[in-house]
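>>> have a look; sequence and predicted model below, questions after that.
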Amino acid sequence: MKKALLLLSTLSLLGANSLLEKIDRNLQPTSSESYKKLTNIEPNGSKKTFLLYQAKKGKDRMVSLFLEPESEKGRATLRRGDNMWLYIPNVGRPIRIASMQSVVGGVFNNSDIMRLDFSAEYKVVEQKENSSSYTLTLKAKNSSVAYDKLIMTVDKKSLTPKKVVCYASTGMLIKTLSYKNIKKFAPGIVRPAVVETISPFYKGYKSIMVYGKIRPKNFANEVFTLDKISKVGTLRR
Amino acid sequence: MIRSIITLLVLWTISSYADEYDFDMKSIETKSFEYSGYIRSEYKYQNLNQDSALYTLLENSNSSQNSFLNEGLFRFIHYKDDFKLIGAFSARYNNIDGEDKDFYTIYQLYAHNTLSVNHSIDVGKKTLKWGKGYFFNPVAFLDRPKDPTQPENAYVGYVMVNYTYNKSFDANLQNLKLDLVYMPTTSKVNEDFYTTRSSNLAMKLYLLYLDTDIEFTYLYSDKQNDKIGLAFSKNLATYFEIHGEYAKEIDGYYSYLIGLKYVTHNDITILSEYYYDSEGLTKDEISSSTKLLAFSGKNYFVNRLLKKEPFGIVYASIYFKDMLNTDDKSHLDTLGFIYSFKNNLEIDFSYNLNSGDEESEFGKKMVSDFAWLKATWHF
């Protein structure tokens, strides 16, 4: 009886992990390009906006290029699994950076901006559901992942996240992401266009990420190498 | 009535976020000519060390010195099919205690051609920036020496031909990149690398192997001794990186550096590097020299601590840097504050102090301490 229950529980989690992969695919095709606008809003209402171009391939490769503001223009980041590099035009060569650091300042850190597929970094350890949503508890696959545990509420109809709550390994709440405004970006890509983030570490601050364009695009593997980090702008053409 | 109030509240909430939720598609249109750069003004108020031998060479007996530097840097990329033309120019104006000087520099100007996914070639004046060190780069054989006090500044390139082969793999060896460089010199081209006609061939083999950046470098010259080098960088954890470089001139000097970058729980980034140069000046040689080139000693230990968003001030950083000549125990210490405004203006204000025995490298500097304000507007 115990064995049967264990088997059922294992099968259910296998299903939950494939559900997580479906959520990933609904958020972004395996190989794609996108444009994002990030706005940091301070408690006094003042704002700073960043515009990014991103190219992604597979589960764990991504490059980003800052198009705005002028002070960040030309900065590029490369993520290949747990490896992250930052290229600054003046410095002229890539340097390794950490996922918990922040290139842009404010609530977003590097791993929020260069987010890989959830299923690349997390496994589902618990799944619950009600009539309109699933609630998945995700555990980081290794200690290099920025957040140790995520509680993800998923809209059953669109199979996209509604809310993701991020915790440290100590159980401390780090931030909450709210997904809003479902929009069709391309055939087969229907997902929230807005992700709002708040964090108890930044009381009164809010960061808003708006997707302007997402489309499937195939990239050569060489795009995700240090040689190309200074040439990300070429991909947009 | 209540319904109207709720409707108004909802409309007000929507309108207050309308800007943040909007996306201007015009902002992502591509252009064939892109440019960026900055205009920077610097002011230094320097207290002079009246015991310094260099001070006695001054034509005046002032106890302090004012210096202004204004610089405009313009970078561009022109895209045309598989070709790109890349350039960076600057114009500088210096004023030290009323004495003017101006400089016009071409940092880079080269054509890039993507021959295929794996092959590309660059021809023109280019900065290579080899190596993994932050303050020093002994393996950067074809780069101009770095100023460890301003490692993030732009550096002037050399005229060269640079062929690159780049290949990505799904294995322990994740990436291989081979650079082959031909750099000639004459009395008019690259003359500060070698003053007369010479041919220089260099190679850099980069590997991303088991999540480690590895660089092998080699320089062949028909007029100077050959040089070989090795550099690496690896993240031992997401918050802890180590790097190092070793360079050797055949039948000549050798130098190396080891370094680390560590991010603490409260977001302080510690960057430490130890650098050794076998041909650097010893304590006695420094003591007996009047004029010294910057960082010409044998052993240095440099530490920089940077705290982002101190006291919860977003877009601000404070930093402390200690540059120590470990032979004569003299220091250059810097305490600074950086703030990035939302209108692309950045200010960096620091207080810098040279200290050590009066015969030591930093203790004998003509400037004992200085306040330094840099304001940079990016465009």
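Structure's in. What do you need? Residues are numbered from 1 along each chain as shown, chains lettered A, B, ... in the order given.

>>> beta partners of the nearest residue to B:Phe68 once chain neighbours are set aside?
Spatial nearest neighbour of B:Phe68, chain neighbours left out: B:Asn95 (4.4 Å); criterion: C-beta to C-beta, 6 or more residues apart in numbering or on different chains. In short, each C-beta sits where N, CA and C put it, glycine included. Counting by DSSP bridges, B:Asn95 is bridged to B:Phe68, B:Asp100.

>>> what about B:Asn95, neighbour count?
For B:Asn95, the tally of surrounding residues (other C-beta atoms under 10 Å in any protein chain shown) stands at 15.

>>> contacts only, for it.
Going by C-beta atoms under 8 Å, 6 or more residues apart in numbering or on different chains, B:Asn95 touches B:67-69, B:101.

>>> please report how far it lies from chain A.
B:Asn95 sits at a distance of 24 Å from chain A (criterion: C-beta to the nearest C-beta, to the nearest Å).

>>> how about B:Asn47?
30 Å.

>>> what about that residue, how many residues nearby?
By other C-beta under 10 Å, neighbour count at B:Asn47 equals 15.

>>> report whether the expected contact of it with B:Phe370 is present.
Yes. Contact between B:Asn47 and B:Phe370 holds when scored by C-beta atoms under 8 Å: they sit 6.8 Å apart.

>>> B:Ser61: how many residues sit nearby?
9.

>>> how about the secondary structure of it?
Classification of B:Ser61 by DSSP: H, G, I helix; E, B strand; the rest coil places it in coil.

>>> do A:Ala120 as well
When classified by three-state DSSP, A:Ala120 comes out as helix.

>>> so what's the closest residue to B:Asn60 other than its chain neighbours up against?
Spatial nearest neighbour of B:Asn60, excluding adjacent residues (C-beta to C-beta, 6+ apart): B:Asp97 at 7.7 Å. In this structure, B:Asp97 makes contact with B:60, B:62, B:65-67, judged by C-beta under 8 Å, 6+ apart.

>>> in chain A, where is pLDDT below threshold?
Low-confidence segments of chain A (pLDDT under 70): A:1-14, A:99-101, A:105-106.

>>> select the longest strand from it.
Taking DSSP state E as the criterion, chain A has its longest strand at strand A:173-186.

>>> identify each buried residue in it, please.
Neighbour counts over strand A:173-186 (16 or more other C-beta atoms under 10 Å in any protein chain shown) mark A:174-175, A:177-180, A:185 as buried.

>>> if we check chain B, which of those are in contact?
Restricting the buried residues of strand A:173-186 to those touching chain B (C-beta under 8 Å from any C-beta of the partner chain) yields no residues.

>>> okay if I get those residues as TSV plus distance to B:Asn118?
Below are the buried residues of strand A:173-186 laid out as TSV (distance: C-beta to C-beta, whole Å):
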residue	distance to B:Asn118
A:Ile174	41
A:Lys175	41
A:Leu177	39
A:Ser178	43
A:Tyr179	39
A:Lys180	42
A:Phe185	32
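
>>> I figured B:Glu191 hits B:Thr185, correct?
Yes. B:Glu191 lies in contact with B:Thr185 (C-beta under 8 Å); the separation is 6.3 Å.

>>> how about residue 207, what does it touch?
Unless you meant another one, I'm taking chain A. By C-beta under 8 Å, 6+ apart, A:Ser207 lies in contact with A:38-41, A:106-108, A:196-198.

>>> the chain in question should be chain B.
Contacts of B:Leu207 by C-beta under 8 Å, 6+ apart are B:173, B:175-177, B:213-215.

>>> give the rounded mean pLDDT of whichever strand or helix holds it.
Assigned by DSSP states H and E, B:Leu207 belongs to strand B:198-209. Taken as a whole, strand B:198-209 has a mean pLDDT of 98.

>>> next, the buried residues of that strand.
In strand B:198-209, counting by 16+ other C-beta under 10 Å, buried: B:198, B:200, B:202, B:204, B:206-209.

>>> same deal with stretch A:17-34?
A:17, A:19-20, A:23-29, A:32-34.

>>> residues making contact with stretch B:246-260?
B:132-134, B:136, B:138-139, B:141, B:217, B:225-231, B:240-245, B:270-280.

>>> so residue 20, which of the three states?
You didn't say which chain, so I picked chain A. On the three-state scheme (three-state DSSP), A:Leu20 is labelled helix.

>>> actually chain B
Under three-state DSSP, B:Glu20 comes out as helix.

>>> tally of neighbours for A:Ala140?
Using other C-beta under 10 Å: A:Ala140 sits among 17 other residues.

>>> check B:Gly98 too.
7.

>>> pLDDT wise, what is it at?
For B:Gly98, the predicted pLDDT is 85.

>>> leaving out chain neighbours, which residue sits closest to A:Arg61?
Here the residue nearest A:Arg61, using C-beta to C-beta, 6+ apart, is A:Phe224, at 4.0 Å.

>>> mind listing what's buried in the helix or strand following the longest strand of chain A?
In the C-terminal direction, the helix or strand that comes right after strand A:173-186 (DSSP H and E) is strand A:189-198. Residues of strand A:189-198 classed as buried: A:189, A:191-198 (neighbour count, 16+ other C-beta under 10 Å).

>>> all helices of chain B, in order?
B:2-21, B:283-288 (DSSP state H).

>>> between B:Glu191 and B:Thr185, which one's more packed in?
Using other C-beta under 10 Å, the more surrounded residue of B:Glu191 and B:Thr185 is B:Thr185, with 22 against 11.

>>> ok, the more buried one to B:Lys291 distance?
In this view, B:Thr185 and B:Lys291 are 26 Å apart by C-beta to C-beta, to the nearest Å.

>>> residues contacting B:Ser221?
B:Ser221 neighbours (C-beta under 8 Å, 6+ apart): B:194, B:198-201.
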